[in-house]
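**Q** Here's my sequence, what's the structure:
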Amino acid sequence: MIRKTMRESVSPLPDWAQGKLLTVEEAAERLNTTVRFPRRLIEERRIAFVHVGRNVRIPEAALEAFVAAGLVEPITTTRRRRAA
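**A** Below is the predicted model:
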């Protein structure tokens, strides 16, 4: 039987929680919104977050995923000009 050491073991955290953890204020600054907006996202469970003691942190990857999910691609159509 092969045993894994602590360094070789798989992290229990999902990939989106592996990166930097942002405060609510930092998340609001990155989104260019007030602090109320990310707090509302957390309250409505629309974004992943982590409790660190009594504090709430938003993983950077989760914030990027939230923004990417809201991305709307432009529609490119050619317009025909009407004959006068």
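
**Q** Restrict stretch 40-54 to CA atoms and write it as CSV.
**A** Taking only C-alpha atoms (Å, rounded to 0.1, in the frame of the first residue of the first chain), the coordinates of stretch 40-54 have been written out as CSV:
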residue,chain,number,x,y,z
ARG,A,40,-25.8,41.3,-2.2
LEU,A,41,-24.2,38.7,-4.5
ILE,A,42,-23.1,36.9,-1.4
GLU,A,43,-26.5,37.1,0.3
GLU,A,44,-28.3,35.8,-2.8
ARG,A,45,-25.7,33.1,-3.2
ARG,A,46,-24.9,34.3,-6.8
ILE,A,47,-21.2,34.1,-6.2
ALA,A,48,-19.0,31.6,-4.4
PHE,A,49,-17.4,32.9,-1.2
VAL,A,50,-15.4,31.6,1.8
HIS,A,51,-15.9,32.2,5.5
VAL,A,52,-12.6,32.8,7.2
GLY,A,53,-13.7,32.9,10.8
ARG,A,54,-16.2,35.7,11.0
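
**Q** How far does it sit from its chain's centre?
**A** Distance of stretch 40-54 from the chain centroid (C-alpha atoms, centre = their mean, to the nearest Å) equals 11 Å.

**Q** Other residues contacting it?
**A** With contact meaning C-beta atoms under 8 Å, 6 or more residues apart in numbering, stretch 40-54 is reached by 16-17, 21, 24, 38, 56-59, 62-63, 65-66. For every residue, glycine as well, the C-beta is placed using N, CA and C.

**Q** 6 Å - rerun?
**A** 16, 56-58, 62, 66 (C-beta atoms under 6 Å, 6 or more residues apart in numbering).

**Q** Flag the shaky bits of the protein, pLDDT-wise.
**A** Applying pLDDT under 70 to the chain picks out residues 1-17, 84.

**Q** Counting by contacts, list what the strand of greatest length in it packs against.
**A** As assigned by DSSP state E, the longest strand anywhere in the chain is strand 55-59. Judged by 3 or more C-beta pairs under 6 Å, 6 or more residues apart in numbering; DSSP states H and E, strand 55-59 is in contact with strand 21-22.
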